[in-house]
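1. no sequence for this one, just the structure:
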């Protein structure tokens with residue numbers, strides 16, 4: 001709706017007979033309704049649960065690929081040993097030992113590139129196309145992985161390795177709870193007691209079904225009154241306001257306000273990814289090779305993945321509840337102090353190893369170190385994300401969030417690259 005405002009002085013004499021010349025008018029657009037519409041309720045928390053599911057699916061491919069350790073050990077085993085299953089006493093081949101690190105690198109680099117591109121082009125593509133398109137592309141590549149499970153790749157392991165890494169790169173061009181879900185799915189598939197390929201078949205079927213459910217749920221969500229209301233009534237600036245705001249936004253000033261928090265989140269993820277999961281997936285139970293399924297089969301998915309994801313998730317929850325420390329100096333000290341987890345985990349029972357001695361050879365020692373690493377990772381990652389919007393102006397929040405995401409992406413990328421070096425340093 002538009003209306004005219006008469007700006008002519010009250011006592012000015014009109015010398016012109018033309019009405020348009022006698023009045024100076026400014027057209028103002030009034031988009032605000034007289035009464036605010038009643039906000040619909042999220043019945044049964046359906047929208048909340050669907051967004052939770054979408055959050056899980058966001059990192060589902062990475063979590064599923066990295067957690068399927070038993071499957072990758074079978075695919076990249078030493079075929080000259082003529083073993084149809086992965087023997088717990090046989091040392092890992094170079095591809096087996098380094099695959100998880102390569103996987104992390106293949107995930108982190110495209111993720112960083114697309115994080116940067118997303119800030120520039122996301123507003124040009126509709127929300128539905130971005131969400132549905134990404135999920136369908138993700139499903140297609142996960143189905144490709146499913147097809148390869150029952151294909152004999154023993155004679156062309158290097159080619160299969162290249163195809164897998166390429167799939168991971170494409171999947172990550174595009175949270176802790178996702179890690180929990182993937183770890184549980186892996187444990188369930190292993191509990192069947194079938195071969196590595198059959199367990200992997202069940203495991204990746206679960207992943208594909210989850211993506212299909214996520215697509216269906218999003219289609220349902222976008223048709224709900226609750227979703228449409230918040231999509232339509234999101235705060236928007238008119239053209240005049242957006243032009244003036246754009247003049248006020250200075251990336252340099254925003255970076256000056258928040259770089260300490262960005263550096264903290266960069267350190268947090270760089271330190272974590274330098275040893276997790278590249279090194280932690282190689283850490284074996286003290287009782288491995290004695291015929292117990294817990295030590296030989298369940299130890300890695302339960303401790304290296306499920307326990308870490310639970311610790312990370314708890315850390316994020318605690319950060320939202322405690323909201324301390326408030327001092328950026330203390331946050332910096334805590335972030336830097338996490339460097340201690342690198343040598344601590346390197347000194348655990350990771351195999352194969354050639355240079356470092358095993359100091360923490362007991363399972364409980366490794367479990368305690370890993371849990372504290374995960375808890376501190378989740379806590380520091382979330383507390384910095386909570387504080388940043390509070391230190392910038394309202395119109396700078398979106399830019400600040402994007403910059404924080406880039407800091408995180410750089411940390412993930414650097415940590416993933418370092419993890420390959422750490423594996424070779426063992």
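-> Cool, the structure landed. Bear in mind the structure is a predicted one, so any value in this text is a computation, not a measurement.
2. and the closest residue to residue 220 other than its chain neighbours, which helix or strand is it part of?
-> Leaving aside its sequence neighbours, residue 220 sits nearest to residue 50 (C-beta to C-beta, 6 or more residues apart in numbering; 7.4 Å). To be clear about C-beta, it is placed using only N, CA and C from the backbone, and glycine gets the same treatment. Secondary structure from DSSP states H and E places residue 50 in helix 46-58.
3. can you tell me what sits against the following helix or strand past that helix?
-> Where DSSP H and E defines the elements, the next helix or strand beyond helix 46-58 is helix 60-67. By C-beta atoms under 8 Å, 6 or more residues apart in numbering, the residues outside helix 60-67 that reach it are 100, 103-104, 107, 138, 141-142, 145, 164, 168, 171-172, 178-179, 181-183, 185-186, 203-204, 207, 210-211, 277, 281, 301, 305.
4. those in strands, which ones?
-> Per DSSP state E, strands hold no members of the contacts of helix 60-67.
5. coming back round to it: which strands and helices sit next to the helix holding residue 50?
-> Applying 3 or more C-beta pairs under 8 Å, 6 or more residues apart in numbering; DSSP states H and E, we find helix 46-58 packed against helix 127-148, helix 176-191, helix 196-221, helix 225-232.
6. other residues contacting that helix?
-> Residues outside helix 46-58 that contact it (C-beta under 8 Å, 6+ apart) are 42, 131, 135, 138, 174-175, 177-178, 181, 210-211, 213-214, 217-218, 220-221, 224, 226-227.
7. poorly predicted segments of the chain, please.
-> The chain contains residues with pLDDT under 70 at 1-37, 81-90, 118-124, 172-176, 194, 232-249.
8. name the SS class of residue 291, please.
-> On the three-state scheme (DSSP: H, G, I helix; E, B strand; the rest coil), residue 291 is labelled coil.
9. return the distance of it relative to residue 405.
-> According to C-beta to C-beta, to the nearest Å, residue 291 stands 47 Å off from residue 405.
10. between the two, tell me which one has more neighbours.
-> residue 405 (19 against 9; other C-beta atoms under 10 Å).
11. surely residue 267 meets residue 335?
-> Yes. In this structure, residue 267 is within contact of residue 335 by C-beta atoms under 8 Å, at 4.3 Å.
12. which of the residues in the helix or strand containing residue 269 are buried?
-> Assigned by DSSP H and E, residue 269 belongs to helix 251-275. The neighbour-count check on helix 251-275 (16 or more other C-beta atoms under 10 Å) flags 254, 258, 260-275 as buried.
13. kindly report the same for stretch 205-213.
-> For stretch 205-213, a neighbour-count test (16+ other C-beta under 10 Å) marks 205-208, 210-211 as buried.
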